[in-house]
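**Student:** can you look at this prediction? I've put the sequence above it.
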Amino acid sequence: MRRIERRRGKVLGRQCHRGIGKITGSWGQDTTPHPVPQTVTLPGPARRVDVYSLSSFFASACATLDGDELWCWGANGADTVGYLARSTLKNSMIAEPGLADRLAPYPGARFGTAGGPFVITKNQRIVEWSTYSGRDTVANSAAPYPIELALEGVTTFSSSESHACAIVQGQVECWTHGTPNVYICDGTGANTTAKLPTLAKTRGNASPRELALGLNTTGTCVRMSDGTVQCCGDNVNGGLATGDTQLSMIFTEAKALEGHVVQIAATDNSKCALLKTGDVKCWGSNTRGELGQGTTDSDPHPVPLTVKLP
């Protein structure tokens, strides 16, 4: 859902989040709508922009420049938390892009598919900072200085407010951020306290390729190399796409999702898939019209619905 136009020293984008828009106000954007894209001034050309939501109220953005520098703005959580990885920043919110100098030892690092302050280094390691875990420490304790996790061969990861998962040497590893009632797909249920990466086995011979994480018990889905999807979680809203509402503490096939999937995404209570045919199918909650049907309802939707596109 990104389309980025590169211009020297500027980023002009159309994003799914306003944090890349007009850089004034508390999170790097103000509270009024901005339907026309605004320019963010940077010291050089950017080749990638990532927007991540740390919670329902905090969001930040980072641009990767051609010289491998990361420039970030938005929510910082004060200097003791340091979401923006900037050593001189003292404010909780900042609208001005600045160099994430604490990530300077990791040139070329990139963000994952979604979530909080984690990056993948060029040598396929995960670097974490701020209040997120993945290490053996007190949950949610602030650590504004980047720390490498004990994982090698990381190809991608995704993080929500409650938990994170990574694909490590062809397997899925998940852990919590200290939030209660989280499924990390390892069979331990929603009361897990796993702060360290824990193996979450997928089924069959296909390899995991992409992750999509919902919040807390709404679980996790993974796209496999054969175009199928596997999910785990509480399934109250039908978010596992199994055709029913029975929960699963381990990855199970989203058997009600038909077609070859090439991309997946998740909100708190719903998930969507882009098919090879170009169709988009969504399932789970539709209380806010997440399923793209032009209507809202409070029913579970365990069978994916095709989004009504123009």
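**Tutor:** Received it, and whenever you're ready, just let me know what you need. Keep in mind the model is a prediction, meaning the values are calculated, not measured. Numbering: from 1, shown residues only.
**Student:** quick one: the closest residue to residue 130 other than its chain neighbours from residue 212, how far?
**Tutor:** Excluding its sequence neighbours, the residue lying closest to residue 130 (C-beta to C-beta, 6 or more residues apart in numbering) is residue 117, at 4.6 Å. C-beta here means a position set from N, CA and C on the backbone, and glycine is covered the same way. To residue 212, residue 117 is 19 Å away according to C-beta to C-beta, to the nearest Å.
**Student:** what's the answer for residue 173, then?
**Tutor:** Relative to residue 212, and taking C-beta to C-beta, residue 173 is found at 16 Å.
**Student:** same deal with residue 190?
**Tutor:** Relative to residue 212, residue 190 is positioned 18 Å away (C-beta to C-beta).
**Student:** the two: who's more crowded?
**Tutor:** Using other C-beta atoms under 10 Å as the criterion, residue 190 and residue 212 rank with residue 212 on top: 24 against 16.
**Student:** what is the burial count for residue 67?
**Tutor:** For residue 67, the neighbour count with other C-beta under 10 Å is 11.
**Student:** ignore the last one, residue 224
**Tutor:** Per other C-beta under 10 Å, the neighbour tally for residue 224 reads 21.
**Student:** number of residues surrounding residue 121?
**Tutor:** When neighbours are counted by other C-beta under 10 Å, residue 121 registers 18.
**Student:** contact partners for it?
**Tutor:** Taking C-beta atoms under 8 Å, 6 or more residues apart in numbering, we find residue 121 in contact with 106, 108-109, 127, 148.
**Student:** out of those, which one has the weakest pLDDT?
**Tutor:** Note: of these, the lowest pLDDT belongs to residue 108, at 79.
**Student:** most surrounded residue in the contacts of residue 121?
**Tutor:** residue 109 (23 neighbours).
**Student:** pretty sure it sits against residue 119.
**Tutor:** Yes: the pair residue 109 / residue 119 is scored as a contact, 3.9 Å apart, by C-beta atoms under 8 Å.
**Student:** setting the sequence-adjacent residues aside, check what's closest to residue 289.
**Tutor:** Spatial nearest neighbour of residue 289, excluding adjacent residues (C-beta to C-beta, 6+ apart): residue 296 at 4.9 Å.
**Student:** any idea how far the one you found lies from residue 120?
**Tutor:** Using C-beta to C-beta, residue 296 is found at 37 Å from residue 120.
**Student:** distance check, residue 294 against residue 308.
**Tutor:** 6 Å.
**Student:** okay, residue 296 and residue 120: which has more neighbours?
**Tutor:** residue 120 (21 against 12).
**Student:** let me see the contact set for that one.
**Tutor:** By C-beta under 8 Å, 6+ apart, residue 120 lies in contact with 109-112, 126-127, 154-157.
**Student:** tell me the pLDDT at it?
**Tutor:** At residue 120, the pLDDT value in this model is 90.
**Student:** so residue 191 is in contact with residue 179, correct?
**Tutor:** No: at 11.5 Å, residue 191 does not count as touching residue 179 under the criterion of C-beta under 8 Å.
**Student:** who's more crowded, the two?
**Tutor:** Using other C-beta under 10 Å, the more surrounded residue of residue 191 and residue 179 is residue 179, with 15 against 9.
**Student:** could you find the closest non-adjacent residue to the more buried one?
**Tutor:** Per C-beta to C-beta, 6+ apart, closest to residue 179 is residue 162, 4.0 Å.
**Student:** give the residues shared as contacts by residue 109 and residue 119.
**Tutor:** Common contacts of residue 109 and residue 119 (C-beta under 8 Å, 6+ apart): 70, 103, 127.
**Student:** quick one on the thing from earlier: the residue nearest to residue 130 against residue 126, yeah?
**Tutor:** No: using C-beta under 8 Å, residue 117 is not in contact with residue 126, being 10.9 Å away.
**Student:** and the two? Which one has more around it.
**Tutor:** Taking other C-beta under 10 Å, residue 117 and residue 126 do not tie; residue 117 has more neighbours (27 against 24).
**Student:** the more buried one and residue 176, how far apart?
**Tutor:** Separation of residue 117 from residue 176 (C-beta to C-beta): 16 Å.
**Student:** and if you look at residue 165?
**Tutor:** Residue 165 sits at a distance of 11 Å from residue 176 (criterion: C-beta to C-beta).
**Student:** who has more neighbours, those two?
**Tutor:** Set residue 165 next to residue 176 and count neighbours by other C-beta under 10 Å: residue 165 wins out with 29 against 24.
**Student:** compare residue 294 and residue 308 (neighbour count), which wins?
**Tutor:** Neighbours of residue 294 and residue 308, each counted by other C-beta under 10 Å, are more numerous for residue 308; the result is 11 against 8.
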